[in-house]
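Asker: Kindly return the folded structure for what I paste below:
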Amino acid sequence: MEEELHYSTVVFKNGGPAPKEINKEETVYADVKAKEHAADKSATVPTDGEAAAHTQHFHLLAACLGIICVLLVAAIIPSIIYFNMVISEQKANLNNLTTQNLQLRTERTSLERQTEELSREKDSLNWTLGVIFEFDNFPVNKYCSQKAECKPCRDGWIMFQQSCYFFFQGNAREWESWESSRQSCQKMAADLVVVGSLQEQEFISNHTEFYYDKYHGYWIGLRETDNNWLWVDGSNQTLGYWVTEHLGQSGHCTLTIPQRAPVASWTKAGCTMRNKWICEAKVLFKSD
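Answerer: Here you go, the predicted model:
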């Protein structure tokens with residue numbers, strides 16, 4: 001804003017005293033300066049009305065900010081409370097799901113165990129039915145007592161693993177050829193023994209007894225057919241526990257000789273030679 005300057009006309013008269021005019025000029029300039037200061041002061045200093053308006057605006061702004069803060073707090077607090085409630089609910093749901101998952105795993109394990117037990121029971125029952133069906137007339141009294149307590153093997157038979165063994169101990173008049181011995185076993189729903197392991201061979205060796213002479217023994221289910229040694233169940237002979245020396249006899253059927261080392265007790269013999277024999281049948285109840 002440009003300052004307004006007021007100029008006065010100064011008139012010098014002849015003969016007038018100079019000092020007096022000088023004073024008049026000073027007065028005029030002083031008046032100009034005073035007006036300038038008054039103008040400046042009126043331009044920069046607010047009036048009482050303007051100050052009041054500024055104060056009112058400040059109070060209004062403060063009130064608005066306060067209201068906004070209250071509204072924000074009123075909006076945020078419920079959100080925080082709701083968020084905490086949601087988190088707590090989710091934690092509770094997670095704990096419930098974890099508990100349910102553990103329970104389901106426990107139930108699944110229990111069901112799997114029950115399924116395995118049922119499967120074993122089913123296999124055992126099928127096994128027992130298979131043994132029973134081997135007989136034309138199942139000898140219940142040979143397996144079960146009057147209290148309905150049944151045994152895996154019949155009276156007079158010896159159990160080893162999953163089989164029952166019958167070691168014939170009759171006198172010389174009851175000794176039989178290989179074929180007749182097999183027929184005697186078949187009449188009892190069994191067959192001549194098939195040796196499948198060294199453990200079984202040792203078991204047989206431990207239950208045979210020397211009788212008559214060193215050439216006599218017990219017939220087992222191994223026979224030579226078409227230059228092949230086959231077991232009565234049709235399998236090939238893969239184990240060989242033959243005697244190391246020649247006993248003076250030969251043939252197409254096999255004897256196991258008592259009182260010899262289990263790994264060297266088999267000998268070839270004529271199939272018509274009369275000897276004792278060993279029968280093998282499945283146990284009535286299959287063990288796990």
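Asker: Break the chain down into its domains, please.
Answerer: Using automatic domain parsing, the domain parsing of the chain gives 55-110, 140-282.
Asker: which residues touch residue 197?
Answerer: residue 239 (Cβ atoms under 8 Å, 6 or more residues apart in numbering). The C-beta positions use only the backbone N, C-alpha and C, and glycine is treated the same way.
Asker: any idea how far residue 166 is from it?
Answerer: 19 Å (Cβ to Cβ, to the nearest Å).
Asker: thinking again about what came up before, with distance to residue 120 as extra columns, can I get the domains of the chain in a markdown table?
Answerer: Listed next are the domains of the chain as a markdown table, based on distance: least, Cβ to Cβ, whole Å:
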| stretch | distance to residue 120 |
| --- | --- |
| domain 55-110 | 16 |
| domain 140-282 | 14 |
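Asker: so which of the ones you listed gets nearest residue 128?
Answerer: Closest approach to residue 128 among those is made by domain 140-282 (9.2 Å; Cβ to Cβ).
Asker: just to revisit the earlier point, can you tell me which of the domains of the chain is packed in deepest?
Answerer: domain 140-282 (a mean of 16; mean count of other Cβ atoms under 10 Å).
Asker: End to end on that one, go ahead and measure it.
Answerer: 15 Å (Cα to Cα, to the nearest Å).
Asker: what about it, distance to the chain center?
Answerer: 47 Å (Cα atoms, centre = their mean, to the nearest Å).
Asker: repeat for stretch 122-136
Answerer: 35 Å.
Asker: Would you mark the buried spots in it?
Answerer: Neighbour counts over stretch 122-136 (16 or more other Cβ atoms under 10 Å) mark 127, 128, 131 as buried.
Asker: want to throw the domains of the chain into JSON lines with distance to residue 49 and mean pLDDT?
Answerer: Shown next, in JSON lines, are the domains of the chain (distance: least, Cβ to Cβ, whole Å; pLDDT from 0 to 100):
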{"stretch": "domain 55-110", "distance to residue 49": "11", "mean pLDDT": "84"}
{"stretch": "domain 140-282", "distance to residue 49": "118", "mean pLDDT": "91"}
